[in-house]
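Colleague: Okay, here's the prediction I keep looking at, along with the sequence it came from:
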Amino acid sequence: MKEYSKRTNLSQNEKNIHKERIAFMIIDDEILFLKNSELSHFMWAKQLGVPESIFSQIVRGYYKNGKASFYKGNFEYDNECIECAKRFATEIKEYVGVSSIECWCGHKVGKIGEEWPSLYFVGKI
């Protein structure tokens, strides 16, 4: 499977998709947020000084329209992603100012520039 998570040349449509969401990354057991930005997670991580060699191991995701999505690597998920969804859901809710969110993990990689379906429903928190 082609590695999409480390792309740096983004179409305008991809930039718009990024700008419409609130991105997050969990680094050193802390959640960081980025909103109103066209940056991909990879470009944001580079700005933060995260080594490319560990980027794929970082749990990251985004919040949009009542839904928080967690993933790592090439949009896959594992038990760490599921546990992060459960652990950080409250912080995400507080940051975006909502009373509940749906938490999902992983994405089925699709066409570049489109939103991809989520794979695993963690729950409504």
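Modeller: Here it is on my side, so go on. Numbers count the residues shown, from 1 in each chain.
Colleague: Report the separation between the residue most central in space within the chain and residue 71.
Modeller: Nearest residue to the geometric centre of the chain (CA atoms, centre = their mean): residue 61, 1.2 Å. Spatial separation of residue 61 from residue 71 under the definition CB to CB, to the nearest Å is 6 Å. Glycine gets a C-beta too; all of them are placed from N, C-alpha and C.
Colleague: residues contacting residue 59?
Modeller: Contact analysis of residue 59 by CB atoms under 8 Å, 6 or more residues apart in numbering lists 25-26, 70-72, 80-81, 84.
Colleague: For residue 109, state which of those residues is nearest.
Modeller: Using CB to CB, the shortest approach to residue 109 within the contacts of residue 59 belongs to residue 71, at 10.4 Å.
Colleague: Could I get the phi/psi values of residue 46?
Modeller: phi -60, psi -40 (degrees, to the nearest 10).
Colleague: nearest spatial neighbour of the residue nearest to the centre of the chain, skipping sequence neighbours?
Modeller: In space, residue 61 comes closest to residue 70 once its chain neighbours are excluded; the distance is 4.2 Å by CB to CB, 6 or more residues apart in numbering.
Colleague: and which of the contacts of residue 59 is nearest residue 114?
Modeller: Comparing the contacts of residue 59 against residue 114 with CB to CB places residue 71 closest, at 16.1 Å.
Colleague: partner residues bridging the closest one?
Modeller: According to DSSP bridges, the residues that bridge with residue 71 are residue 60.
Colleague: Could you report the neighbour count for it?
Modeller: Neighbourhood size, residue 71 [other CB atoms under 10 Å]: 27.
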